[in-house]
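Engineer: A structural model of the following input is requested.
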Amino acid sequence: MKEKVIKSYLSGLILLLISCTAKKDDVVSPKEDVLIINGSFENDASETYTPQGWSVLGDQDVVKVVSGGYVSKYSFNVSGEQAYITILEQEITNIVDGIYDLEFYFKNSGGQNACYVAIETDDEKRTMTSLCVSDNVWTQSFVRGVEIKGGTCKVVFYTDANAGNWTNIDGLKLESGDHKVSFLKGGDISELTYLESMGAKYFDDGQEKDCIEILKSKGFNIVRLRLYNDPGNPNYSPSNRLPADIQNPEDILSLAQRAKAAGMQIQLTFHYSDYWTNGEKQYKPHEWENLSYENLKSAVYDFTYDFMAKMKAQGTTPEYVSLGNETVGGILYPEGKTDNFKQLAELFNEGYDAVKAISPETQVLIHLDAAGDKYKYDWFFGELNRNGGKYDLIGASYYPYWTGITAGEMREWAEYTIDKFDKDIFIMETGYNWNPVRLNGWEGQLKDNGPYDDVYPSSPQGQKDYLLELFTEIKKEKSGRILGCLYWDPIMIEVPGVGWELGAQNYVGNTTLFDFDGNSLKSFDAFKFNN
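Structural biologist: Predicted structure coming up:
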């Protein structure tokens, strides 16, 4: 035991000597693992115990090193019969500046207000990964892509737990990473202007607040905005099925300003339609219905270029742009259907080139449904590549209900797809019922929660637990190339007269991140304590 401790200190001393003796022009590459002292808690077990190399803050009578670890004989445990807050931390010094990943293993009861592992850098910024429910199964997780400067950082395990909650931690390992990671987490707010105009009110901790203010305070760092050409025009169908002046260019520009003012990034979706589009429905804008194919290509370029220019002019250039929505069947039927992939690729390229003409840094993605469907993605992106289609990222919708797969299975598909196409993936949509039915007692858009139906109930806690598991799997992806996740539709709460379209019902009132009265749900914790 003493030999292991001595080796730990010697490893740290060697790193210190390397960094101190390096010449000014020498490159000291952080390729060797940085040894956390006693990262596997290999000391004798004790009922109340502060592990070698670690500090324990908060309620210390709920901590102990116990028999039964994942990588070793012991693990660190916190558990209590009453509510408690405990922090386990270790300061790591003499680290070569660079990008680092923290790997660890855990077992967790769930139910905590907050429970996460973090790297805290010298500016006291914590990069956190929350722990999902795992019961008695050891689960691997990561805090990925943290830039460490100044030679020091702190490894932290934090838990704000309720009575009966418990967690085991083992195998903490800090090592050099491949690239900096910024976990994107947010949701679609495109209906917000309409909801507010119809009387929607949003509350947090019992206080009415601006919805975007709440989203920001709860951890959102990006919003999705979907753009229609001319929605709500009474003279054309299906445009006339939507409310006027909502989700048109003027409205989206206004929402973009509000989001940017709150410090959030923007994902902009061009529907290239006056109405909602997806894999089954692709309505041309009424102004484009009689255009020749060549003029249609020009219309795509011009509309994209003009709106991107307006976004840039007001200081809200989107960081991410998707061309169409769930475009497995193509866009702008019939010319852009997938039965003519050459034309579809050319239409996508018009949008791509227009985006890049305004903002070369903006990442352009093509978005399909059914994350997990290898055949669909192999076929679609294989054909797109063969026909010269341009894109930077792959967007995917992942719903347990529609896909029938778990977050872990989705992550395995993502690893396969990233390896095959060498593109990062962005989860563009997900959703989970926080109540089994809508306010009127009828089932909503998601009839159930798929493979999680008997795992996490349709409740606020169940919704939170699902999101914690999903975010864990996203961060677990072996190359760290799933960028993050956008929730659908987090803000479309129950408001009299508001539905999917004029005269229709609100089918997502029981999948939002607010309850029927507009109060923020505990599911926001998954966003707040992951970054």
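Engineer: Surely residue 254 forms part of a helix?
Structural biologist: Yes - remark: residue 254 belongs to a helix, assigned using DSSP: H, G, I helix; E, B strand; the rest coil.
Engineer: where along the stretch 51-200 of the chain do the helices fall?
Structural biologist: With DSSP state H, counting those that start in this stretch as the criterion, the stretch 51-200 of the chain has helices at 192-197.
Engineer: try the chain
Structural biologist: According to DSSP state H, the chain carries its helices in the segments 2-21, 192-197, 211-217, 249-261, 293-313, 341-358, 374-386, 400-403, 407-421, 460-476, 525-528.
Engineer: mind giving me TSV with these and columns for distance to residue 147 and mean neighbour count?
Structural biologist: Bear in mind the C-beta positions are built from the backbone N, C-alpha and C, glycine included. Compiled in TSV, the helices of the chain are given as follows (distance: least, CB to CB, whole Å; neighbours: other CB atoms under 10 Å):
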stretch	distance to residue 147	mean neighbour count
helix 2-21	17	13
helix 192-197	34	19
helix 211-217	23	20
helix 249-261	24	18
helix 293-313	28	18
helix 341-358	27	21
helix 374-386	31	15
helix 400-403	34	21
helix 407-421	22	19
helix 460-476	16	24
helix 525-528	22	22
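Engineer: Mind telling me which of those helices the model trusts least?
Structural biologist: Among the helices of the chain, helix 2-21 carries the lowest mean pLDDT, at a mean of 37.
Engineer: Distance to residue 439 for the helices of the chain - can I get that in a markdown table?
Structural biologist: Formatted as a markdown table, those follow (distance: least, CB to CB, whole Å):
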| stretch | distance to residue 439 |
| --- | --- |
| helix 2-21 | 58 |
| helix 192-197 | 15 |
| helix 211-217 | 19 |
| helix 249-261 | 25 |
| helix 293-313 | 35 |
| helix 341-358 | 38 |
| helix 374-386 | 35 |
| helix 400-403 | 19 |
| helix 407-421 | 28 |
| helix 460-476 | 15 |
| helix 525-528 | 24 |
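Engineer: ok, the closest residue to residue 391 other than its chain neighbours to residue 381 distance?
Structural biologist: Once flanking residues are discounted, residue 391 sits nearest to residue 366: 4.7 Å by CB to CB, 6 or more residues apart in numbering. Separation of residue 366 from residue 381 (CB to CB, to the nearest Å): 8 Å.
Engineer: ok, and the closest non-adjacent residue to residue 241?
Structural biologist: Nearest non-adjacent residue to residue 241 (CB to CB, 6+ apart): residue 501, at 4.4 Å.
Engineer: check contacts around the one you found.
Structural biologist: By CB atoms under 8 Å, 6 or more residues apart in numbering, the contact list for residue 501 reads 241-242, 276.
Engineer: Now it: phi and psi?
Structural biologist: Dihedral pair for residue 501: phi -150, psi 180, per degrees, to the nearest 10.
Engineer: May I see the buried residues of stretch 92-111?
Structural biologist: 92, 94-96, 98-111 (16 or more other CB atoms under 10 Å).
Engineer: coming back round to it: anything in contact with each of residue 366 and residue 381?
Structural biologist: residue 394.
Engineer: returning to what we had before: the contacts of residue 501, buried ones only, as a PyMOL selection?
Structural biologist: Buried members of the contacts of residue 501, defined by 16+ other CB under 10 Å, are picked up in PyMOL with:
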select buried, resi 241+242+276
